[in-house]
Each structure stands twice: as C-alpha cells, then as structure tokens.
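1. Give me a model of this one.
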Amino acid sequence: MPQAAYGNLQKIRNGKRLYSITPRIPGGFVSAANLEKFAEVARKYKCSIKLTSGQRIMLIGLKEDEVAMAYEDLGLDPAVKSHYSVKNVEICPGEICKRSRQNSLALGLKLEKRFYGVEAPNRTKIGVIGCLNGCTSVHAKDIGVLANEEGFIVVAGGSAGYHPRLSDKIAENLSEEQAFAMVEAVYDYYCEVAPMGEKLGNTIDRIGLDKFKKDVFNIYENKLHI
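-> Residues are numbered from 1 along each chain as shown. This is a model prediction of the structure:
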C-alpha cells in the first residue's frame, strides 16, 4: 500500500500535512478487540479518535508515512476505496429496536457485503432502516431501504450535499430477497445510464422518474427470473 493510500489529507496548517483514516466497520458494529486496537493505534501515533456520522471510527492526525502502518496495525480495510464507488451502507439496529418492523440488520449486512467498494458513476451512499423513522438519514441517501408491516420500501436519489434532494419511492411491499434485488437493479441502471461524475438524484431528474422506475423494474424482473 502506498504511504498515504486511503488516507484523507486534512487542512494544511503552517505547511504541515496530516491525514485521517476511516477503516471499514460494517453496519457500525465493532468488537471489543477492535476497539482496543483503535485505542492502541491512537496512542502509538499520537492521533485523535472521532466517531463519524457514517457509523465509522476515524483516526485524525497521522503523518503521511504512518497511514499505511496504522491500517496494518488495525488489521482493517479502508471504508472507502474510491470517490467513485459505493461509500458505505449505514444500518439501523434492526431487530433489537422496538420500532423495527422488518429485519433491516440482516438485509443491510448483505447489502454491505455485496456493495463494499464497488465502482459507481459518483460516490454512492446506501442506508437501511427497519421502520419509517428515517434513522441513518435514509431519505438523503442515494439508495435507501425502509420498512413497515407490509415489507421493505426502496427509495433512490436522495442527497445531503451541496444540492440537497429528497429521495423518490421506487418500490414497496418487498420481501428481503426482493428488496435486495431492487437495490441491485437501481445500482445497475445507474451505472448503465449515468455519465461519470453524475449523482443518482441528477440521473433521475435527467431521465424522469417514470422512465427511471420503468427501466429499473425491467432489470429487477429479470433478476428475479434468473
């Protein structure tokens, strides 16, 4: 691994270049052993620990030549492999929450495993929740999954960036298997029709929601029949 690969350059102060790293923590679940590793690495390199909004742990204040060594000491992969990839899958506590209506945790972890690091036209965030509360800011995610008593709901096109956009409903009343296939269909179509650098919400606005949904459903139905 190059010295500063998967390290984020912080604000340069007085010519001093320091980096932060955000290792992969699926669903925000971290073992006691890995928590101890974070503390050990932070002490070793005299850096700070930050809990991020994306259910990850960030180490701040690493020198360039310490980035690769910190990852090696932690024994963890980077959370984000490229700006043009699926960034992370944020997941609510699922069945352990009294508000949960479906097992969002199981679905979310399957999606995290499927989409970890895969390429996309632009940075892409996925959120999964087990009710309609909107935890994980699911309506501001490029692809979101919610749930009610009838099943899962898939939404797409949300953004909380420079141009905020609420997501559009793509499908509802889905089983876990169907929801997984629908998320794949949205992703596949996005990769098929979006030029490099275009966010999913902009793709929907450019194509039109009706056509977007029609084409996504065609891909979805083919997946179910394979």
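
2. going forward, measure contacts between C-alpha atoms and count neighbours the same way
-> OK.

3. And for stretch 98-108, what's in contact with it?
-> For stretch 98-108, contacts defined as Cα atoms under 8 Å, 6 or more residues apart in numbering pick out 27, 89-95, 127-131, 147-149, 151-152, 176, 180.

4. mind redoing it with 6 Å?
-> Stretch 98-108 has contacts (Cα atoms under 6 Å, 6 or more residues apart in numbering) with 91, 94-95, 128-131, 148-149.

5. Just the ones of those in strands?
-> Using DSSP state E, 91, 128, 148 are the members of the contacts of stretch 98-108 that sit in strands.

6. quick revisit: return the entry from the contacts of stretch 98-108 with the maximum number of neighbours.
-> Among the contacts of stretch 98-108, residue 128 has the most neighbours (other Cα atoms under 10 Å), with 35 neighbours.

7. Am I right that that residue is in contact with residue 94?
-> No - counting by Cα atoms under 6 Å, residue 128 does not reach residue 94; the two are 8.9 Å apart.

8. After the helix or strand bottoming out on mean pLDDT in the chain, which helix or strand is next?
-> Among the secondary structure pieces of the chain, namely its helices and strands, strand 8-9 has the lowest mean (mean pLDDT, DSSP states H and E), a mean of 88. Sequence order places strand 19-21 as the next helix or strand after strand 8-9, per DSSP states H and E.

9. what pLDDT, on average, does the next helix or strand after that next one get?
-> Using DSSP H and E, the next helix or strand after strand 19-21 towards the C-terminus is helix 32-45. Mean pLDDT, helix 32-45: 97.

10. Quickly run through the sheet partners of the strand or helix carrying residue 144, with directions.
-> Element membership for residue 144, per DSSP H and E: strand 143-148. The strands that strand 143-148 pairs with in its sheet are strand 124-128 (parallel), strand 151-156 (antiparallel) (by DSSP bridges).

11. closest one to residue 217 among those strands?
-> Nearest of the strands paired with strand 143-148 to residue 217, taken as Cα to Cα: strand 151-156 at 11.9 Å.

12. Would you mind writing the CA trace of the closest one as CSV?
-> The C-alpha trace of strand 151-156 is given here as CSV (Å, rounded to 0.1, in the frame of the first residue of the first chain):
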residue,chain,number,x,y,z
GLY,A,151,-42.4,-5.2,3.9
PHE,A,152,-39.5,-3.2,2.6
ILE,A,153,-39.6,0.1,0.7
VAL,A,154,-36.8,1.1,-1.7
VAL,A,155,-36.2,4.8,-2.4
ALA,A,156,-33.5,6.4,-4.5
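
13. which residues of this protein fall in helices?
-> Along the chain, the stretches classed as helices by DSSP state H are 32-45, 67-74, 104-115, 176-193, 200-207, 209-225.

14. any chance of those helices in a markdown table, with mean neighbour count and distance to residue 85 too?
-> Output for the helices of the chain, formatted as a markdown table (neighbours: other Cα atoms under 10 Å; distance: least, Cα to Cα, whole Å):
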| stretch | mean neighbour count | distance to residue 85 |
| --- | --- | --- |
| helix 32-45 | 14 | 25 |
| helix 67-74 | 18 | 20 |
| helix 104-115 | 19 | 9 |
| helix 176-193 | 19 | 11 |
| helix 200-207 | 18 | 12 |
| helix 209-225 | 15 | 20 |
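
15. Walk me through the domains of this protein.
-> Under the assignment automatic domain parsing, the domains of the chain span 8-74, 86-225.

16. and the last one, average pLDDT?
-> So that's domain 86-225. On average, domain 86-225 scores 95.

17. Tell me the one of the contacts of stretch 98-108 nearest residue 208?
-> Taking Cα to Cα as the measure, residue 208 lies nearest residue 128 of these, at 24.4 Å.
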